[in-house]
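**Student:** need a structure here:
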Amino acid sequence: MGVTLAIDPGRCTGWCYLVDGRVADCGVANIEPYSATVVDHSIYQPNRLLCELPEIYKSGEANPNISLTPLIVQVGRFIQYYMSVYRASCGTVLPKEWKGQMSKSVCRARIYLLLDERERKIVEARERSMSATRAHNMIDAVGIGLHAVGRKLTGR
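**Tutor:** Presented below is the predicted three-dimensional model:
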């Protein structure tokens, strides 16, 4: 199965490395919009990258203060980097594809249910070391990673 890197992009980018389908490490990185910075921990050499691709929901009015352009550029930079440096296969996933419409608290609880004891200890230790906002981005990256390796939160 190899090494999968899952990313929840943003100023506070959540990341999760899975080795042979199991969470090995996770965290957050502060990345400014349009910067060339990427998440890279050379101890892991991912052969697969899955980034969440942000979307505007059709059900509500678009918030004029939010632009998805910087996030989409950021996803493109991650893909370009991991394809060129690690020759990783790269893909994107929409939020509705990996977590559906569940609330943050339900999503977090379901992610924790999918973790084994060793993985739970890794995620809990990281989560305790950061603010709730930062932890949410990391937890989403863990969920994206679980989705990437076939450990689905939803019945889809």
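
**Student:** only C-alpha atoms for contact and neighbour calcs from this point on.
**Tutor:** Will do.

**Student:** before we move on, what SS does the residue positioned nearest the centre of the chain have?
**Tutor:** The chain has Ala141 as the residue nearest its centroid, 2.5 Å off, counting by C-alpha atoms, centre = their mean. At Ala141 the chain is in helix, as set by DSSP: H, G, I helix; E, B strand; the rest coil.

**Student:** thinking in terms of the whole chain, how far from its middle is the least confident helix or strand in the chain by mean pLDDT?
**Tutor:** The weakest-scoring helix or strand in the chain, judged by mean pLDDT, DSSP states H and E, is helix 69-86 (a mean of 89). Distance, stretch centre to chain centre, for helix 69-86: 13 Å (C-alpha atoms, centre = their mean, to the nearest Å).

**Student:** which helices and strands sit right next to that helix?
**Tutor:** Applying 3 or more C-alpha pairs under 8 Å, 6 or more residues apart in numbering; DSSP states H and E, we find helix 69-86 packed against strand 48-52, strand 89-93.
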